[in-house]
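Student: build me a model from this:
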Amino acid sequence: MTEPLNRSLAVPLTHWGVIRAHGADAAKFLHGQLTQDVLQLGRSQARIAGYCSAKGRLLASFVLWKTSDDEVLLACHTSVLAATLKRLSMFVMRAQCKLTDATDEISLQGLTGDRAAGETEGLPAWGKRDDAEGAWIRLPDVDGLARAWRVTSAASALAADPVALRAWQQLEIDSGIVTIEAATVDQFVPQMLNFELIGAVNFQKGCYPGQEVVARSQYRGTAKRRTFLFSCDEAIAAGQEVFHSADPEQPAGMVAGAVQSVDARSYRALVEVKLAALACGSLHLGAVDGALLTPRPLPYEVPVAEAA
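Tutor: Next up, the predicted model:
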C-alpha cells in the first residue's frame, strides 16, 4: 500500500447520497423492493442491498440502516440517486412511506486507521453504534486497515481533499464491493457482482422485483460471470468493455467500478468477467490490443469451479 493509504483518513464522501424512507410502512415497503431483509434489520446493523429491475438487473445498490422503527436511510451513488428515488416513489402507492432526498441533511464521512478502529471497537463489519450526534458504521477492513462511516445530521466540517477522497475510493474498490453508478445501471444480475458472497442478497425473504431471476441464478448454478479485482496502467472507467486475448469479437466483461490509484501511477478496477475467460490468456481494456488488466487478490473467496 502507498503512504496515503497507510495514514488515517477523514474525508467527506461526496460521491454518496442519501435517500430517507420515513413512515410506519417504510421497512415493509423497502423489504418488498430490495434484495435485503429490511424487516429483520436491527438498529445495531447496516447492510448492503440491491434494487433490481423485473429482469433481475441492478438499478442501484445501497448501504442501508435504520434510525428508528419508522425510518430507514439508504446511501447510494449520487449519479443514480435521482432516478432511483423517482422509480421507488412510483411503487409506494398507499403505503405509509415517504421517500425524500436527504443528501443535504445527512453528512457521510469516511475514516480509516486508529480513529475508525477506536470509535467502532467491538463492532463487527457492518455493525452500527448510535450516539448523540448520529452513528458509526464499521466497514470491512481492507488489508488490515480499519474503515468506518461517520453519519451525522450536521454538515461536514471537513474540507474537501481530492487526494484523500481518491485514497478512500481506492479502498472501496480494494474491498471488492461494487457500488452501482450511472454507467453500470441495468448491466448486472447481483451474482455477477458477488453480491450474495458479501451478504447483499437474502434468499429466505419474499418477493421483490427480479427475485425469480436472482433465485434461479443461485439455485440452478448458472453464475458464469463474476467480479474480480484488477490493476491497469491506463485510465479505466466504469462501463468500459473488457476483451479476452483470444476473442476480439465479443467482450468478456465490463468494468463495474474503477479509480485512479492514490500514487497516480495506475488504476484499480472491479471487473465483471466470464469465468471461462480466466482459464487462460489475458484480459484487456476496450480491445484485445488494449491495456493489460493485471489480477489482484480480493479480500474474499469467489467460487470459480462453475467455469469448468
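Student: show me which positions of the longest strand along the chain end up buried.
Tutor: Looking across the chain with DSSP state E, the single longest strand is strand 58-68. In terms of neighbour count (16 or more other Cβ atoms under 10 Å), strand 58-68 has its buried residues at 58-67. The way it works is simple: take the backbone N, C-alpha and C, and place the C-beta from them, glycine included.
Student: the bottom helix or strand of this structure by mean pLDDT?
Tutor: One helix or strand of the chain scores below all others by mean pLDDT, DSSP states H and E: helix 3-6, with a mean of 54.
Student: I'd like the next helix or strand past that one.
Tutor: Counting by DSSP states H and E, the next helix or strand C-terminal to helix 3-6 is strand 10-12.
Student: list the contacts of that following strand.
Tutor: Strand 10-12 is contacted from outside by 107-111, 115, 156, 158, 160-161, 164-165, 167-168, using Cβ atoms under 8 Å, 6 or more residues apart in numbering.
Student: quick one: the helices in the chain?
Tutor: 3-6, 26-31, 78-90, 114-119, 162-174, 211-219 (DSSP state H).
Student: would you list these in TSV and tack on distance to Glu301 and mean neighbour count?
Tutor: Conversion of those to TSV gives the following (distance: least, Cβ to Cβ, whole Å; neighbours: other Cβ atoms under 10 Å):
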stretch	distance to Glu301	mean neighbour count
helix 3-6	23	14
helix 26-31	29	22
helix 78-90	29	17
helix 114-119	25	16
helix 162-174	16	20
helix 211-219	17	16
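Student: between the ones you listed, which one is closest to Leu292.
Tutor: helix 162-174 (17.8 Å; Cβ to Cβ).
Student: correct me, but Ala291 touches Ser231?
Tutor: No - using Cβ atoms under 8 Å, Ala291 is not in contact with Ser231; the gap is 10.2 Å.
Student: between the contacts of strand 10-12, which is closest to Ala237?
Tutor: Lowest distance from Ala237 to the contacts of strand 10-12 (Cβ to Cβ) belongs to Leu165, with 16.4 Å.
Student: any idea how far the residue lying farthest from the centre of the chain lies from Leu139?
Tutor: The outermost residue of the chain relative to its centre, with distances by Cα atoms, centre = their mean, is Ala246 at 30.8 Å. According to Cβ to Cβ, to the nearest Å, Ala246 stands 38 Å off from Leu139.
Student: again, but for Met192
Tutor: According to Cβ to Cβ, Met192 stands 22 Å off from Leu139.
Student: cool, and Ser89?
Tutor: Ser89 is 29 Å from Leu139, by Cβ to Cβ.
Student: what average pLDDT does stretch 292-299 get?
Tutor: Throughout stretch 292-299, pLDDT has a mean value of 97.
Student: do you know how far the closest residue to Gly257 other than its chain neighbours is from Gln169?
Tutor: Distances taken as Cβ to Cβ, 6 or more residues apart in numbering place Leu270 nearest to Gly257, at 4.6 Å, with adjacent residues excluded. Between Leu270 and Gln169 the distance is 12 Å, computed by Cβ to Cβ.
Student: domain map for this structure?
Tutor: Per the record, the chain has its domains at 3-174, 224-307, by automatic domain parsing.
Student: so where is this protein shaky, pLDDT-wise?
Tutor: 1-7, 156-157, 222, 305-308 (pLDDT under 70).
Student: ok, back up a step: can you add distance to Pro303 and give the helices of the chain back as a markdown table?
Tutor: Output for these, formatted as a markdown table (distance: least, Cβ to Cβ, whole Å):
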| stretch | distance to Pro303 |
| --- | --- |
| helix 3-6 | 29 |
| helix 26-31 | 28 |
| helix 78-90 | 28 |
| helix 114-119 | 31 |
| helix 162-174 | 20 |
| helix 211-219 | 12 |
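Student: if I look at the residue nearest to Arg166 when sequence neighbours are not counted, how far off is Pro162?
Tutor: Ranked by Cβ to Cβ, 6+ apart and with sequence neighbours excluded, the top spatial neighbour of Arg166 is Val262, at 5.4 Å. With distances taken as Cβ to Cβ, Val262 is found 10 Å from Pro162.
Student: again, but for Leu58
Tutor: The gap separating Leu58 from Pro162 is 28 Å, by Cβ to Cβ.
Student: isn't Leu64 up against Leu74?
Tutor: Yes - using Cβ under 8 Å, Leu64 is in contact with Leu74, at 4.6 Å.
Student: what is in contact with the two at once?
Tutor: Contact criterion Cβ under 8 Å, 6+ apart; residues shared by Leu64 and Leu74: 30, 49.
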